[in-house]
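1. Below: sequence and its predicted model.
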Amino acid sequence: MVSARLNGLDKPTVWSEFGDIARETGAVSLGQGFPDWKPPDFVVAQGHAALDEGVHQYTRPAGHPPLVEVLSKRYSSHLHRKIDPLKEVAITVGASQALYLTLQALIDPGDEVLLLEPCFDLYYGQIKLAGGVVRPVPLAVDVARATWTIDLDALEKAVETGRPKLLLLNSPHNPTGTAFPLEVMTGIAAIVARHPNLLVISDEVYKYTVYAEAAEHVHFAALPGMFERTVTLSSAGKTFSITGWQAGWCVGPERLIKPIQLLLPFVQFCVSAPIQHALAKALMIADDPYEGHANYYEWLKELFRSKRKLLADGLERAGIRPMVGHGGFFLMGDTSRLLVPQKYLDERTPAAPDGVTRDWALCRWLAYEAGVIAIPTSPFFSPPNKHLAANYVRFAFCKSDDTIREACDRLEALTKHHLIEGDR
């Protein structure tokens, strides 16, 4: 018999459903979040160089020495403390495995994990596989300002009721694009400090994509007293447009990183050695001037700032209000001005056998009649909170400008006939 932990994991998902629709219709996709342009030349060059140098055999299971050395230096600067490359860093097959192994290492069956919703839907499955129990804490929405933030009072109440062991924090945040500011992060740190048994996983894969002029990325583990309580996760895929290279990492105190290092040889002996070797050099080269900017990271921020504006302007023309975002490459759109045809609201699908939510129906409508793939946000909520997703849809802007323009033109052509009276 198959393990009970896998029950339900074989069911159709939002990704399988809308992936099938994209293939069926040939729709323009602003759905899945991966860049559709090539990596920078210097990254590809380091990949070739690693192979030419003969880096073909196993390396250290917990991380290739040159890469953990580079990461330890970078995080020593980020976190304002000396990071031991051998004891406080672990290299994983992407950030997804970094999260999986961290959960496996730190929680036991029945342990509670606090999730700030909406959140990346992968979190739910990984917590289940580790035997954990999700405790959702919805973000607060200011509709007038089109912003999302963490309700600190609700978070503290969730910590005080039940027995949560972990808080899973993500900033810049998927799917909302919010980079939580220092005052909010400091408020979270104060809550964690008041509850000594609570640990934190800080998912920071979008740290180099904070494009909003007034925003900045806050490393949660850099806040007073938080390093010893936090495992920081990140990766190179989103930063360098190399999601297929699958190299991620965990950084934290030895007491939390050592169990992850012990697990690594049981899932693979090591992450690809040439990939790690190439990244060790690429991460350093990225600090050099690039394409007229101070470094590659500044160029990347400008690129995403431009693409987000292009998408936001197009969505406005289509009657979809862009919510405020600061980082990552997703834009949440408020679709409350749109009238969804009833036939889509009445549908049932293999991934939504009990009937679709409004956001899901709207995305099917956009896919079939506008030829544009966007992602409903209800999968980013636990069942009791899915109603909170009704008006929101996630669009990815990590696509070519031509793709974004084509998608916006198609959306405008459809939605101008389906605006609520008074918005036309």
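-> On my side now, so go ahead. Bear in mind that the values here come from a model prediction, so they are computed numbers and not experimental data.

2. you'd agree Gly248 is up against Tyr100?
-> No. Gly248 is beyond contact range of Tyr100, at 10.3 Å (criterion: C-beta atoms under 8 Å). C-beta: built from backbone N, CA, C; applies to glycine.

3. Tell me who's in contact with Phe381.
-> By C-beta atoms under 8 Å, 6 or more residues apart in numbering, the residues touching Phe381 are Glu117, Pro118, Pro136, Pro138, Leu388, Ala389.

4. now do Ile373
-> Phe18, Ile21, Ala22, Ala27, Val28, Ser29, Leu30, Gly31, Cys363, Leu366, Ala367.

5. In helices, which of those residues fall?
-> Under the assignment DSSP state H, those contribute Phe18, Ile21, Ala22, Cys363 to helices.

6. Quick check: the farthest pair among those?
-> Ala22 and Cys363 (11.3 Å; C-beta to C-beta).

7. who's more crowded, these two?
-> Cys363 (29 against 18; other C-beta atoms under 10 Å).

8. In contact with the more buried one, which residues are there?
-> Contacts of Cys363 (C-beta under 8 Å, 6+ apart): Phe18, Ile373, Ala374, Ile375, Pro376, Val393.

9. and of the residues you listed, the nearest to Lys343?
-> Pro376 (16.8 Å).

10. where does that closest one fall, phi/psi-wise?
-> Backbone torsions of Pro376, given as degrees, to the nearest 10, read phi -60, psi 150.

11. didn't it look like it was pressed against Ala351?
-> No. In this structure, Pro376 is not within contact of Ala351 by C-beta under 8 Å, at 10.1 Å.

12. Quick check: neighbours shared by the two?
-> Joint contacts of Pro376 and Ala351 (C-beta under 8 Å, 6+ apart) are Val14.

13. neighbour-wise, which of these two wins?
-> Pro376 (26 against 17).

14. List the contacts of the nearest residue to Pro138 once chain neighbours are set aside.
-> The shortest distance from Pro138 to any residue other than its chain neighbours is 5.0 Å, reached at Glu117 (C-beta to C-beta, 6 or more residues apart in numbering). By C-beta under 8 Å, 6+ apart, the contact list for Glu117 reads Pro136, Val137, Pro138, Leu139, Phe380, Phe381, Ser382, Asn385, Leu388.

15. Could you list the low-pLDDT ranges of the stretch 1-150 of the chain?
-> Low-confidence segments of the stretch 1-150 of the chain, defined by pLDDT under 70: 1.

16. all helices for it, in order.
-> All helices of the stretch 1-150 of the chain, identified by DSSP state H, counting those that start in this stretch, fall at 14-25, 41-52, 65-79, 94-106, 122-129.

17. how big is the angle separating the fourth one from helix 122-129?
-> Helix 94-106 and helix 122-129 meet at an angle of 30 degrees, taking axes from the mean of the first three to the mean of the last three C-alpha atoms, to 10 degrees as the criterion.

18. Just confirm Lys386 contacts Thr357, I think it does.
-> Yes. Taking C-beta under 8 Å as the definition, Lys386 is a contact partner of Thr357 at 5.9 Å.

19. Pull up the overlap in contacts between those two.
-> Ser378.

20. how close does Ser72 get to Asn295?
-> 20 Å (C-beta to C-beta, to the nearest Å).

21. What's the local residue count around the closest residue to Ser400 other than its chain neighbours?
-> In this structure, Ser400 finds its nearest non-sequential neighbour in Asp36, 5.9 Å apart by C-beta to C-beta, 6+ apart. Counted by other C-beta under 10 Å, the residues lying close to Asp36 total 11.

22. distance of Asp36 from Thr243?
-> For Asp36, the distance to Thr243 - C-beta to C-beta - is 11 Å.

23. do the same with Ser29
-> 15 Å.

24. out of the two, which sits in the busier spot?
-> Ser29 (21 against 17).

25. give me every residue that touches the more buried one.
-> Counted by C-beta under 8 Å, 6+ apart, Ser29 has contacts Ala22, Val372, Ile373, Ala396, Lys399, Thr403.

26. any idea how far Gly19 is from it?
-> 9 Å.

27. Wait, Arg364 touches Thr357, no?
-> No. Counting by C-beta under 8 Å, Arg364 stays clear of Thr357, with 10.8 Å between them.

28. Looking at the ones in helices among the contacts of Ile373, which is nearest Ala45?
-> For those, the nearest to Ala45 is Ala22 (32.7 Å; C-beta to C-beta).

29. follow-up on the earlier one: of Arg364 and Thr357, who's got more company?
-> Neighbours were counted for Arg364 and for Thr357 using other C-beta under 10 Å; Arg364 has more, 23 against 20.

30. Quick check: closest non-adjacent residue to that one.
-> Closest to Arg364 by C-beta to C-beta, 6+ apart is Tyr344, at 5.4 Å.

31. what helix or strand is the one you found on?
-> Element membership for Tyr344, per DSSP states H and E: helix 342-345.

32. packing partners for that helix?
-> Contacts defined by 3 or more C-beta pairs under 8 Å, 6 or more residues apart in numbering; DSSP states H and E place helix 342-345 against helix 358-365.

33. ok, then the element right after the helix it packs on?
-> With DSSP H and E, the next secondary element past helix 358-365 is strand 372-373.

34. tell me the average confidence for that following strand?
-> Average pLDDT, strand 372-373: 97.

35. Lys87 versus Val68, what's the distance?
-> Taken as C-beta to C-beta, the span from Val68 to Lys87 is 10 Å.

36. Of the two, which one has the most company?
-> In this view Val68 and Lys87 are compared by other C-beta under 10 Å, and Val68 has more residues nearby, 25 against 16.

37. residue contacts, the more buried one?
-> Arg60, Ala62, Pro85, Leu86, Val89, Ile91.

38. go on, Tyr344?
-> Val356, Ala361, Leu362, Arg364, Trp365.

39. Count the neighbours of Val200 for me.
-> Neighbour number of Val200 under other C-beta under 10 Å is 21.

40. Name the helix or strand for it, please.
-> Secondary structure (DSSP H and E) places Val200 in strand 199-203.
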